[in-house]
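Asker: Only the shape, not the letters, is given here:
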């Protein structure tokens, strides 16, 4: 980004690869868990306890952030196949959106944790 | 991003937008790429869960009952199918993309392991995680008990007066259930 002779692609590709692994291995289980959420309140509380508690949710939001970068990197490269030729604007908008979603997760996590502590 | 600027206009061969419907292989490719949109939708759902939790127990139950709506369950089932399709295409794809240099040759991880061993290993991991997840899905107490020292939801629930919760079809007997849970 700062050096014109170097590409920033490896960073996004690395996040894409990690996210792809998360989607393939962890996401099916997470989706199944959310689908059974409302069958009982206890299940909801248990699920919430896992994904909203400070330490487990740190793992959970990491997984969600990797999924975000995976999905948006794929969108970025598939635009080419749909006759949209990406430029700097597409780059900024798509990866900016990924950064924004990541930030939203981190802010939510921080508020929940500090709300509990103070 | 562009690394070099050329004074000439690059030649872009015109491509029909429906090219991927012409051949089964291309359609499968575009479906694989399309799974990312459903993954993104699911990530936004989970972000919604966090934002709902910020508003307290009330928001949490409301969002949980929103996820329990038949339309949302059907949508999540669709996401599940897409994610499983992604998984089935991901494991054979990854060793081809990930080049590993062994003894000065770019033989690749795929060739090194003769392909099948890595794929079998990763599917075993997938199966293990899935079976473990299903067990925890039916007996969530197992994990909940392990993690309870870090419990947050309990404090969110306790901060809310159960009698002030709205009474709707989905909110039926919620206050009694919350009290049962806290009493446990």
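Answerer: Okay, I see it. Not measured: the values here are computed from a predicted model.
Asker: does any bit of stretch A:79-92 sit next to chain B?
Answerer: Yes: against chain B, stretch A:79-92 shows contacts by C-beta under 8 Å from any C-beta of the partner chain at A:81-83, A:85, A:87-88, A:91. For the C-beta atoms, the positions are set from N, CA and C on the backbone; glycine is no exception.
Asker: nearest spatial neighbour of the one residue sitting closest to the centre of chain A, skipping sequence neighbours?
Answerer: By C-alpha atoms, centre = their mean, chain A has its centre lying nearest to residue A:65, at 2.2 Å. Distances taken as C-beta to C-beta, 6 or more residues apart in numbering or on different chains place residue A:102 nearest to residue A:65, at 4.5 Å, with adjacent residues excluded.
Asker: Tell me how far that neighbour lies from residue B:39.
Answerer: Counting by C-beta to C-beta, to the nearest Å, the gap from residue A:102 to residue B:39 is 15 Å.
Asker: So those two - more neighbours on which side?
Answerer: In terms of neighbours (other C-beta atoms under 10 Å in any protein chain shown), residue B:39 is the more surrounded of residue A:102 and residue B:39; the figures are 25 against 19.
Asker: thought that one was touching residue A:70?
Answerer: Yes: at 6.9 Å, residue B:39 and residue A:70 qualify as touching, with contact defined as C-beta atoms under 8 Å.
Asker: tell me, what's touching the two both at once?
Answerer: residue A:23 (C-beta atoms under 8 Å, 6 or more residues apart in numbering or on different chains).
Asker: The strand or helix carrying residue A:11 near chain B at all?
Answerer: Secondary structure assignment for residue A:11, by DSSP states H and E: helix A:9-25. Yes: contact of helix A:9-25 with chain B (C-beta under 8 Å from any C-beta) involves A:17, A:20-21, A:23-25.
Asker: Tell me how many other residues crowd residue A:72.
Answerer: With neighbours defined by other C-beta under 10 Å, the count for residue A:72 comes to 25.
Asker: circling back: now restrict the residues of stretch A:79-92 next to chain B to buried residues only.
Answerer: Burial by neighbour count, 16 or more other C-beta atoms under 10 Å in any protein chain shown: within the residues of stretch A:79-92 next to chain B this picks out residue A:91.
Asker: is it possible to export the residues of stretch A:79-92 next to chain B to CSV including secondary structure, distance to residue B:28 and pLDDT?
Answerer: What follows is those, written out as CSV (DSSP: H, G, I helix; E, B strand; the rest coil; distance: C-beta to C-beta, whole Å; pLDDT from 0 to 100):
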residue, secondary structure, distance to residue B:28, pLDDT
A:81, helix, 13, 86
A:82, coil, 16, 87
A:83, coil, 20, 82
A:85, coil, 24, 82
A:87, coil, 29, 84
A:88, helix, 32, 87
A:91, helix, 28, 92
